[in-house]
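Trainee: Using only what follows, build the 3D model:
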Amino acid sequence: MITIEQIVTRIEQRQPVTNKSEINAQQLRREFNSVGSLTTADQQQLSFLANARYVFSLASTQAGVVLVTAELRDQVPSTAIALVVASPYLAYASASQLFGRELRSNEIHPSAVIADSAIIGNNVSIGPFCVIGDHVHIGERSSLAAHVVVEANTTVGTDCIIKSHVVIGHDCIIGNHVRLHAGVSVGSEGFGFAPTTDPSSTGWERIAQLGRVMIGDYVRIGSQTCIDRGAIDDTVIGNHVIIDNLVQVAHNVHIGDGSAIAAQTAIAGSTRIGKRCIIGGAVGITGHIEITDDVTLSGMTMVTKSIKTAGSYSSGTAAMPTANWRRAAVRFRQLGHD
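Mentor: Below is the predicted model of the structure:
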């Protein structure tokens, strides 16, 4: 159970609760067990109103505590305690973490295989059938679930959470407070090959990938995402980057601090993405280009040239009736012959 006092403390790591002084000691001790929507929450649940379109649900909510802006405070029913903040959605994000605590054992499972030269910090949890290579360093309070592989000479920082079946290649550097979800591959071989005179008969000549992957602090990487090691220089993921499931980051890519990348995006090699960029789902980015800071790419955008000016960019066509799309496609092809 989580008290209002704990909720307020957690929210105020990011923003003030402006009516905190009005909440009495008894209310601060009141306990809650989970988060619910305005329409389904009960007296033991926390809820929030982040979008004015749902204000009609506020007056009738049965939630025990509601996160709202100052403008809507008076519409919170008397049965609920209002916590007034500038951004209810951000406050909800902060408070939600109290109700989703990680289960940790702070133990090393006897089936784990750990090299004698590995350095394991204090209060580290290592699950069944993990393999930790030579000269690996795992920082304090990090947690590795079952079947994680960390190859030789890799460093994992403090307070990291690494889920099942993650593979981290040799010589990589993982920062502090990093979350790698199930099936993530970090530091696998990049897609580098040189053609022979006739690849159909003599094949392709593999290029050894000699760089590393370097991941900053407070990075989140979703399930089944692959981040390839550099060919010569390193692949670099900056601080506070969040990456969704099923994303491909090729060798030598640099992603700037605070950027967000949605599912099924593919970033080709040696591309540089700036800070605070937002990349929608299924975006394709060609290699050897630069995208400046503060760029937004909407879903399914195809980027083939460098973007040097901040702003929002889109490509592709939205869904329409098939007959209309066929006529539009014919006209589009005709434009190329004008």
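
Trainee: contacts, neighbours, all on C-alpha from now
Mentor: Fine.

Trainee: which residues does Ile273 form a beta bridge with?
Mentor: Taking DSSP bridges as the rule, Ile273 bridges to Ile255, Ile291.

Trainee: check contacts around it.
Mentor: Ile273 sits next to Val253, His254, Ile255, Gly256, Glu290, Ile291, Thr292, Asp293 when contact means CA atoms under 8 Å, 6 or more residues apart in numbering.

Trainee: and those residues, which are buried?
Mentor: By neighbour count, with 16 or more other CA atoms under 10 Å, the contacts of Ile273 hold Val253, His254, Ile255, Gly256, Glu290, Ile291, Thr292, Asp293 as buried.

Trainee: now the residues you listed in TSV, with pLDDT and distance to Cys226?
Mentor: As requested, the buried ones among the contacts of Ile273 are exported to TSV (pLDDT from 0 to 100; distance: CA to CA, whole Å):
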residue	pLDDT	distance to Cys226
Val253	98	12
His254	98	14
Ile255	98	14
Gly256	98	17
Glu290	98	21
Ile291	98	21
Thr292	98	23
Asp293	98	23
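
Trainee: Dump the contacts of Ile273 to a markdown table, plus distance to Gln97.
Mentor: Shown next, in a markdown table, are these (distance: CA to CA, whole Å):
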| residue | distance to Gln97 |
| --- | --- |
| Val253 | 31 |
| His254 | 29 |
| Ile255 | 26 |
| Gly256 | 25 |
| Glu290 | 35 |
| Ile291 | 33 |
| Thr292 | 32 |
| Asp293 | 29 |
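
Trainee: nearest to Ile278, of the buried ones among the contacts of Ile273?
Mentor: Asp293 (9.7 Å; CA to CA).

Trainee: And the closest one, which helix or strand is it part of?
Mentor: Using DSSP states H and E, Asp293 falls within no helix or strand.

Trainee: when you give positions from now on, start the count at 44
Mentor: From this message on, residue numbering opens at 44, which makes the last subject Asp336.

Trainee: if I look at it, how far off is Ala353?
Mentor: 6 Å (CA to CA, to the nearest Å).

Trainee: Quick check: neighbours shared by the two?
Mentor: Counting by CA under 8 Å, 6+ apart, nothing touches both Asp336 and Ala353.

Trainee: center of the chain - which residue?
Mentor: Centroid-nearest residue in the chain, with CA atoms, centre = their mean: Ile285, separated by 2.9 Å.
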